[in-house]
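In: Sharing a sequence plus its predicted fold:
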Amino acid sequence: MTADGSARAAVSYLRALGGRSPLDLPVQRFAIAAACLGERLREVETFEEAAPASGRAFLRMVEMLRARSAGAAPTGIVVIGATAAVFGDRARDRARRILQLAALHVPLRLTDGRAPGDALLAAWEGRGPEERRRERAREGMRRRALRGEVLGRAPYGYVASERRLVPDPREAATVTRIFAMYLEEDEGVRRIARRLNDEEIVTRTGRPWTAGAVRHLLRNPAYTGLYRRLGVTVTRAHPALVTPVQHAEVLRRMTSRRTAPATQERRGYLLSGLVRCGYCGGPMIGARRAAEGAEGAEGAEYAYYRCESATNEGRCAYHTRRAEVLEAAVVAELARATGPVPVAVHGRSPHERGHEARRAALDRTLDHMLERRASGQWTEADLVRRAAPIVLEQLSIEIEATVDRARPAEPDVARTRLVEAWDVLSFDERRALLQDAVAEVVVTDNAVHVARRR
């Protein structure tokens, strides 16, 4: 009870467990009602997962708790659930949810009588063989990395032999030549790519070299004999193809050359990241060119889009397209668009893929923390305190991803606004609306195809 003798408020959380669990939803409701009666808790709201794996009801509950926390006393609200199993099918999922509530300073009651900390520890120690198998595999990979043994695909210039990186004679010669062209001949990455392609030297996958591929190779510290994987760094793990001094000089020059490209990118192009070449499939990039003759006054310039493969590799014959012409064609296509919305070609956005990578990294950190608790290195208080920033960041990522997915009407709203208000919108407004409305733009010399977002 609270200080004034009134019953504390409780919110209940339920999730269908399925399988052979005796705790189906009616049983969970009965157990929660009985616990509230016994502990003098006043049940004020119920959150029930419509889809067992979605977690959306939990996120709605968190939003409600946060909204109330501003004026609530520390003992204002209790979350009550039938068992720790309602917070996830896997041990890590249960632990994450329990720790998230602890980080939010929200008391948790389980009707099966277990303390949340004990339930978390039991779930982790009793996790299934599949979870343990993944953890053992990762730990084994980390031990191999500490020994300098190669994991995954060898970088260009090397092959794996008896779990070690050894130079591939043909590829290694290309690597040292690329470094020499950059350092000794002062060639830029685009010219290096063009020279390699002119000589019909291809990448390991048989594709032409691009400026990006050359840049990535030059930045890779593996060519100095350094091996990095799974947070492990081993020096002199394999034969070096360049010296650390050469590699450092490459990085210094790359940093000093970031002048014109960065300035150009800041000027912005409305279709950047959305438009690709219909001939080779590569991205089209924005560029600027000085206007000549009647095009404009001295010093004037115009923007256009060109195929990146044509620019970096010299292997695509696509002609450039003036920016205002292509952007007007996209708006015209959006204005004509009717019927079902085409599916986005590339699936998940880079933003979503970034979320997934960050979630995976946070999960690995949380696993290590849970293992320390299980081994007795940490107390329950240690775990709650140290895991708080990890689980709260995971919670923020989940909420943001849910908000992003819950915008089914926005693409059509964005399309309508683009068509009706194009002339009065600012650059930033146009750019944001294009990102919402358009999945991709495919351009050929004679056509512009716009795939809308769903």
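Out: Sure thing, it's come through.
In: which residues of the stretch 151-300 of the chain fall in strands?
Out: Secondary structure of the stretch 151-300 of the chain by DSSP state E, counting those that start in this stretch: the strands cover 158-161, 164-167, 227-229, 232-234, 275-277, 284-290.
In: nearest to residue 109, of the ones you listed?
Out: strand 232-234 (42.3 Å; Cβ to Cβ). Where C-beta positions appear, they are placed from N, C-alpha and C, glycine not excepted.
In: I'd like the distance from the closest residue to residue 103 other than its chain neighbours to residue 221, if you could.
Out: Nearest residue to residue 103 in three dimensions, chain neighbours excluded: residue 388, at 4.0 Å (Cβ to Cβ, 6 or more residues apart in numbering). With the distance defined as Cβ to Cβ, to the nearest Å, residue 388 ends up 34 Å from residue 221.
In: who's in contact with residue 414?
Out: Neighbouring residues of residue 414 by Cβ atoms under 8 Å, 6 or more residues apart in numbering: 433, 434, 436, 437.
In: looking at this, the first one is in a helix?
Out: To tie it back to what came earlier, the one meant is residue 433. Yes: under DSSP: H, G, I helix; E, B strand; the rest coil, residue 433 falls within a helix.
In: circling back to that earlier point, confirm for me that the residue nearest to residue 103 is in contact with residue 96.
Out: No: contact criterion Cβ atoms under 8 Å: residue 388 and residue 96 do not qualify, at 11.7 Å.
In: So the two - more neighbours on which side?
Out: Applying other Cβ atoms under 10 Å to residue 388 and residue 96 shows that residue 96 carries more neighbours, namely 23 against 16.
In: Spatially nearest residue to the more buried one (excluding sequence neighbours)?
Out: residue 391 (5.6 Å).
In: part of a strand, is the one you found?
Out: No: according to three-state DSSP, residue 391 belongs to no strand; its state is helix.
In: Endpoints of stretch 199-207, how far apart?
Out: End-to-end distance of stretch 199-207 (Cα to Cα, to the nearest Å): 13 Å.
In: any idea of the mean pLDDT in it?
Out: The average pLDDT within stretch 199-207 is 88.
In: who touches that stretch?
Out: 156, 171, 174, 208, 209, 213.
In: Now for the last one, how many residues are close by?
Out: What it means is residue 213. 21.
In: State the pLDDT value of it.
Out: Note for residue 213: predicted pLDDT of 88.
In: could you measure it against residue 246, distance?
Out: Residue 213 sits 19 Å away from residue 246, going by Cβ to Cβ.
In: show me the contacts for the residue nearest to residue 244 when sequence neighbours are not counted.
Out: Once flanking residues are discounted, residue 244 sits nearest to residue 224: 4.8 Å by Cβ to Cβ, 6+ apart. Applying Cβ under 8 Å, 6+ apart, we find residue 224 in contact with 240, 242, 243, 244, 247.
In: Which of the residues you listed are buried, as a ChimeraX select command?
Out: Here is the ChimeraX command that selects the buried residues among those (16 or more other Cβ atoms under 10 Å):
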select :240,242,247
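In: And the contacts of residue 224, which is closest to residue 33?
Out: residue 247 (66.8 Å).
In: OK, contacts around the closest one?
Out: Contact analysis of residue 247 by Cβ under 8 Å, 6+ apart lists 221, 223, 224.
In: which residues of the stretch 201-350 of the chain score low on pLDDT?
Out: 228-236, 257-267, 290-300, 310-319, 337-350 (pLDDT under 70).
In: should've said the stretch 51-200 of the chain
Out: Where the stretch 51-200 of the chain drops to pLDDT under 70, the residues are 51-54, 69-75, 128-152.
In: all helices for the stretch 1-150 of the chain, in order.
Out: Using DSSP state H, counting those that start in this stretch, the helices of the stretch 1-150 of the chain run over residues 25-38, 56-69, 91-103, 116-125, 129-146.
In: Near the spatially closest residue to residue 10 that is not a sequence neighbour, how many other residues are there?
Out: Leaving aside its sequence neighbours, residue 10 sits nearest to residue 41 (Cβ to Cβ, 6+ apart; 3.9 Å). Residues near residue 41, counting by other Cβ under 10 Å, number 22.
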